[in-house]
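Visitor: let me see the structure of the following:
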Amino acid sequence: MIGTGRGPCDEGVLRAAPERPGCAARAKPWVLAATILGSSLAFIDGSVVNVALPAMQADLALSLAGAQWVINAYMLLLGALMLIGGASGDRIGRRRVFASGVAVFAIASLFCGLAPNAAILIAMRAVQGIGAALLVPVSLAIISASFPESERGRAIGTWAGFSALTTSLGPVLGGWLVDALSWRAIFFINLPLAAATLGVTFWRVPESRDEAARTALDWRGGLLAALGLAALAYGLTSAPEQGWTRPPVLASLAASAFALGLFIRNEARRAAPMVPLDLFRSPAFSGANAVTLLLYFALSGALFLLPFNLIRFQGYSAALAGTALLPFSLVMGGLSRWSGGLAERHGARLPMTVGQVIAAAGFALLAVAGRGGSYWTTFFPALAVLGLGMSVSVAPLTTAVLEAVEERHAGVASGINNAVARIAGMLAVALMGALAAGLFGAALERRLAALPMPDDVRSALAAEASSLGKAGGPSPLAGAAGPAAENALRLSFVDSFRIVMLVAAGLGMAGAFCAWETIGSGDGTKTHDQAPRPDRSA
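Guide: Predicted coordinates:
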């Protein structure tokens, strides 16, 4: 871990701040600046890589599985280690862990930008995920420790608003960098941001920790979760290409089940587990996390495939594709404050249900968009409706999670819910990508069978389905075979994209049903305090 350093207001930990109110007041703007800058690294990276993925695929000759792992390596480690990251800040020191996460993220970004091949890029994306798992949860903990309760809500709202803004601008900036320079530039841009974050952190952010936190960190649980999810992701991404009955696929899925089983056993036996299983006795808490899984699975699958559609098959540049996603992010950011009041006025159940029905309509509108046509009549309405649906859903969903548990569990409940969202994204990229490739291949095979061309060209074109049609640009094979072959590639992908979006719409409706059935107000389903358990994990 990076050393704590000495700031002008730092005397070891923030608990001294009440005796030095002037120092604490001067630190507040800098705390917000540091946490917003640091979190922006992870949020921008999470939104920008999807837009740059077709260019990476073309430059590094990535297969579909390779493209999936560029996304999943990051989300895997972020989802599996987020709870460990938050807990380590409480025990070791929040500023120290936050700064360590920023430094790890920056170093990994440098090597991502310099990566000569897919293997190194994927490995460094995993290291980025570790850095993000340290800095994202601790950034909120630093805000909570630095602001009194009367000011905390406004500070967190400011942090959330800037986070939404940076997330929405990420694809635009990333698309411009890809077109003007290279996909590598999206990683190099992290370096000055990280340097500024570390400078402000060590200069102005006081150290803080939870002096009551004495239990050991659940590193075993974090490792088992990471191994189990990694094996699951490998099996799901490899199965479409190798076949579901191949020994490596079966072995990885079996290893995943074994590791995740050990993870559950470990959590059940520990006195202070990373994931307290008692929380899932609450139907509302379990239901809210099931809704999160369905909603973010659908959203992540759609946002993974949409840039391929826009860039490869609709003819957009990377910059235009990034700009095309703005309605979704701007609607979410602009309505987040308004949607936060919906749960207060109506309870969480109704807005969560209605929001997911609206989101399902957005996915269905994406399925309607074919090839060509004006952006304003095809993708814009779908993305605006999808943003509205997510806006109505997300804030009440967070409220439902927190209301389902006792106040002392609020931090870990929120962390579990965030981890579920990241894991849902990882699973969606693997499964929705595989579904799209399978549908694409079947549709392309039917269309190519009707075209006059040599068998070797037909076979080579059909093989492009496994990489989503070499999404970096027009296929030279299709060009050699004539415009009809290129058109077959485009139409076949659009067909597969439509079906996947309809699947996403179905998942949205399933989430709405789950919310209506499981979420209630004042239903007595909170998880109550339990007597401490002896630690039997050794």
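Visitor: can I get stretch 490-497 in CSV, CA atoms only?
Guide: Taking only C-alpha atoms (Å, rounded to 0.1, in the frame of the first residue of the first chain), the coordinates of stretch 490-497 have been written out as CSV:
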residue,chain,number,x,y,z
ARG,A,490,-24.6,-6.3,-42.4
LEU,A,491,-28.2,-7.7,-42.6
SER,A,492,-27.3,-10.8,-40.7
PHE,A,493,-25.8,-8.9,-37.8
VAL,A,494,-28.8,-6.6,-37.7
ASP,A,495,-31.0,-9.7,-37.5
SER,A,496,-29.0,-11.1,-34.6
PHE,A,497,-28.9,-7.7,-32.9
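Visitor: burial check on Ser496, number of neighbours?
Guide: A count of neighbours around Ser496, defined by other CB atoms under 10 Å, yields 24. Where you see a C-beta, it was placed from the backbone N, CA and C, and this is true even at glycine.
Visitor: shift numbering so it begins at 160
Guide: Got it, first residue is 160 now, which makes that one Ser655.
Visitor: Glu604 is in contact with that one, correct?
Guide: No - with contact defined as CB atoms under 8 Å, Ser655 and Glu604 do not form a contacting pair (11.9 Å).
Visitor: who touches both of the two?
Guide: When contacts are counted by CB atoms under 8 Å, 6 or more residues apart in numbering, Ser655 and Glu604 are jointly contacted by no residue.
Visitor: mind checking pLDDT for Ala639?
Guide: According to the per-residue confidence, Ala639 scores 51 in pLDDT.
Visitor: and the helix or strand containing Ser445, what does it pack onto?
Guide: Take DSSP states H and E as the rule and Ser445 turns out to sit in helix 442-467. Counting by 3 or more CB pairs under 8 Å, 6 or more residues apart in numbering; DSSP states H and E, the packing neighbours recorded for helix 442-467 are helix 180-219, helix 508-527, helix 538-562, helix 569-608, helix 642-677.
Visitor: elements contacting the next helix or strand after the first one?
Guide: So that's helix 180-219. Toward the C-terminus, helix 180-219 is succeeded by helix 223-251 as the next helix or strand (DSSP H and E). Contact here means 3+ CB pairs under 8 Å, 6+ apart; on that basis helix 223-251 packs against helix 180-219, helix 253-273, helix 277-305, helix 378-401, helix 569-608.
Visitor: enumerate the positions of the fourth one that are buried.
Guide: What that stands for is helix 378-401. Using 16 or more other CB atoms under 10 Å as the test for burial, helix 378-401 gives 379-399.
Visitor: ok, back up a step: closest to Glu426 out of the helices and strands packed on helix 442-467?
Guide: Each of the helices and strands packed on helix 442-467 was checked against Glu426 via CB to CB, and the shortest separation belongs to helix 569-608, namely 11.0 Å.
Visitor: quick check: mean pLDDT of that closest one?
Guide: For helix 569-608, the per-residue pLDDT averages 81.
Visitor: helices and strands around that helix, which ones?
Guide: Using 3+ CB pairs under 8 Å, 6+ apart as the contact test, the elements touching helix 569-608 are helix 223-251, helix 277-305, helix 378-401, helix 442-467, helix 538-562, helix 614-622, helix 642-677.
Visitor: how near is Ala344 to Gly521?
Guide: Ala344 is 31 Å from Gly521, where distance means CB to CB, to the nearest Å.
Visitor: how about Val564, phi and psi?
Guide: Main-chain torsions, Val564, degrees, to the nearest 10: phi -130, psi 160.
Visitor: from Ser327, how far out is it?
Guide: As judged by CB to CB, Val564 and Ser327 stand 31 Å apart.
Visitor: what comes up buried for stretch 290-298?
Guide: For stretch 290-298, burial by neighbour count (16+ other CB under 10 Å) applies to 290-298.
Visitor: which one's more surrounded, Ala344 and Gly521?
Guide: The neighbour comparison of Ala344 against Gly521 (other CB under 10 Å) goes to Gly521, with 26 against 16.
Visitor: got a list of what the more buried one touches?
Guide: Gly521 makes contact with 541-548, according to CB under 8 Å, 6+ apart.
Visitor: from these, pick the one nearest Gly506.
Guide: Top of the list for closeness to Gly506, among those and by CB to CB, is Gly548 at 18.2 Å.
Visitor: the closest one: neighbour count?
Guide: Here the number of neighbours of Gly548 (other CB under 10 Å) works out to 27.
Visitor: that one is in contact with Ala523, isn't it?
Guide: No - counting by CB under 8 Å, Gly548 does not reach Ala523; the two are 10.9 Å apart.
Visitor: ok, now how distant is Leu196 from Ala265?
Guide: Taking CB to CB, one finds Leu196 at 12 Å from Ala265.
Visitor: what does Ala353 give?
Guide: Using CB to CB, which is the criterion applied here, Ala353 is 3 Å from Ala265.
Visitor: what's the overlap in contacts for the two?
Guide: With contacts defined as CB under 8 Å, 6+ apart, the residues adjacent to both Ala353 and Ala265 are Leu200.
Visitor: tell me which of these two has more neighbours.
Guide: Neighbours were tallied for Ala353 and for Ala265 using other CB under 10 Å; the higher tally belongs to Ala353 (25 against 21).
Visitor: which SS state does that one fall under?
Guide: At Ala353 the chain is in helix, as set by DSSP: H, G, I helix; E, B strand; the rest coil.
Visitor: can you pull the contacts of it?
Guide: 197, 200, 261-262, 264-265, 268.
Visitor: residues in contact with the residue nearest to Ala664 when sequence neighbours are not counted?
Guide: With CB to CB, 6 or more residues apart in numbering as the measure, Phe522 is the residue that lies nearest to Ala664, at 3.9 Å, once sequence neighbours are left out. Taking CB under 8 Å, 6+ apart as the contact definition, Phe522 lies against 457, 461, 541, 545, 660-661, 663-664, 667.
Visitor: can we see that at 10 Å?
Guide: Phe522 is in contact with 457-458, 460-461, 541, 544-545, 548, 659-668, counting by CB atoms under 10 Å, 6 or more residues apart in numbering.
Visitor: is it correct that Pro432 is in contact with Ala384?
Guide: No - with contacts defined as CB atoms under 10 Å, Pro432 does not count as touching Ala384, sitting 11.1 Å away.
Visitor: what's the domain layout of the chain?
Guide: With automatic domain parsing serving as the domain definition, the record reports that the chain contains domains spanning 178-375, 378-428, 437-682.
Visitor: so what pLDDT did the closest residue to Ala239 other than its chain neighbours get?
Guide: Leaving out its chain neighbours, the residue that sits closest to Ala239 by CB to CB, 6+ apart is Ala385, at 4.0 Å. Reading off the confidence values, Ala385 has pLDDT 81.
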